[in-house]
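# mind folding the following:
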Amino acid sequence: MDVNAHVGLSGQLAQARRLQTIANNVANAGTAGFRAEGVSFAAVVSNTQPFDTSFAFAGGSHADTRMGPLTRTGNPLDVAIQGEGFFAISTPEGTAYTRDGRMQLLPTGDIVSLGGHPILDSSGSPLTADPRGGALDIGRDGAIRQDGRTIGALGLFDVDLGQGYRRYENAAFLPTGQPEPVTDFTAAGVVQGFAEGSNVNPILEMTRLIEVQRAFEAVSSGLEQQDSALRETIQALGARGS
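Okay, here's the model as predicted:
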């Protein structure tokens, strides 16, 4: 059996998956707290006779957890994480974890994300403040003080995305594993008045996009040449038999 077409198709499918991932990274280069996505590839070997055949397989996705650039905003409701860790927000799909620490204080006193999701403390409870009680002061350990007294603390969590996850609204994750609250703020901490940007490198991603497009076109060209040769062979055999 001629498996060349099947091998080529598996390569095209793998490259298409990579194209989709890179395009999503480029589209979110300006999304606060976004983590770039990568795709792992593997070879699936089939015992096709008369010899083994390797097919390309697009494996699972993985998130790039490196920090994005921090930008000083001067807004006391903007916070960023220095080091590892994620903030927790309550969503209709469960608790999600994000690096986007831009917050707002509602007239009701609820502290929520810009998307309207409640910000959670380390125990998973929503944070609140007095909307008329003055500016909030947020320490490295996430402790929130207002009018000289502590009213709560931002939850900072260690999330292992390697166990699997789903994306939520681009910058947030719904992890498969159970996140653990960060208790040691030596290596990781919160900085007030800053916002973290996307860790996508647009120039690098565009370069990768061009490389993948060329690889996809090369496979397509090879398949077209094979198809053309097969048609010519069939026509030649048909002419000899007539």
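# hey, what's Arg166 bridged with?
Taking DSSP bridges as the rule, Arg166 bridges to Leu174.
# again with Phe87
Thr98, Leu156.
# can you give me every residue that contacts it?
With contact set as Cβ atoms under 8 Å, 6 or more residues apart in numbering, Phe87 has these partners: 79, 81, 97-101, 119-120, 154-157. Bear in mind the C-beta positions are built from the backbone N, C-alpha and C, glycine included.
# can you put these in a markdown table and add pLDDT and distance to Ala29?
Converted to a markdown table, these look like this (pLDDT from 0 to 100; distance: Cβ to Cβ, whole Å):
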| residue | pLDDT | distance to Ala29 |
| --- | --- | --- |
| Val79 | 98 | 22 |
| Ile81 | 97 | 20 |
| Tyr97 | 98 | 21 |
| Thr98 | 98 | 17 |
| Arg99 | 97 | 15 |
| Asp100 | 97 | 14 |
| Gly101 | 97 | 19 |
| Ile119 | 98 | 25 |
| Leu120 | 98 | 28 |
| Leu154 | 97 | 26 |
| Gly155 | 96 | 28 |
| Leu156 | 97 | 25 |
| Phe157 | 97 | 25 |
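# closest to Val191 out of the residues you listed?
Val79 (6.8 Å; Cβ to Cβ).
# and that closest one, what are its bridge partners?
Val79 has these beta-bridge partners by DSSP bridges: Gly101, Gln192.
# low-scoring stretches of this structure, by residue?
1-14, 40-60, 215-216, 218-242 (pLDDT under 70).
# how about the helices of it, start to end?
Under the criterion DSSP state H, the chain contains helices at 4-27, 202-241.
# on that earlier part again, quick one: which of the contacts of Phe87 is nearest to Gln192?
Of those, the one sitting nearest to Gln192 (Cβ to Cβ) turns out to be Val79, at 5.5 Å.
# stretch 171-186 spans what distance, first to last residue?
One end of stretch 171-186 to the other measures 25 Å (Cα to Cα, to the nearest Å).
# likewise stretch 135-147?
Terminal residues of stretch 135-147 are spaced 8 Å apart (Cα to Cα).
# can you check stretch 69-85 too?
15 Å.
# stretch 63-74 now?
29 Å.
# buried ones in that stretch?
Neighbour-count burial for stretch 63-74 flags 63, 68 (criterion: 16 or more other Cβ atoms under 10 Å).
# which other residues reach that stretch?
33-38, 80-84, 99, 161, 165, 173, 191, 193-199.
# sort out for me which of these are in strands.
37-38, 80-82, 165, 173, 191, 194-196 (DSSP state E).
# wait, Tyr135 sits on Ala129?
For the record, residue 135 is Ala, not Tyr. No: the criterion here is Cβ atoms under 8 Å, and Ala135 misses it with Ala129 at 9.9 Å.
# can you list residues touching both of these two?
Gln146.
# which of the two has more neighbours?
More crowded of Ala135 and Ala129, by other Cβ atoms under 10 Å: Ala129, with 21 against 11.
# who touches that one in this structure?
For Ala129, the contact set (Cβ under 8 Å, 6+ apart) comprises 105, 109, 111, 136, 144, 146, 151-152.
# of the contacts of stretch 63-74, grab the buried ones for ChimeraX.
This is the ChimeraX syntax for the buried subset of the contacts of stretch 63-74, where burial follows 16+ other Cβ under 10 Å:
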select :33,34,35,36,37,80,81,82,99,161,165,173,191,193,194,195,196,197,198,199
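# from Val26, how far out is Val190?
29 Å (Cβ to Cβ, to the nearest Å).
# of those two, which one has the most company?
More crowded of Val190 and Val26, by other Cβ under 10 Å: Val190, with 25 against 16.
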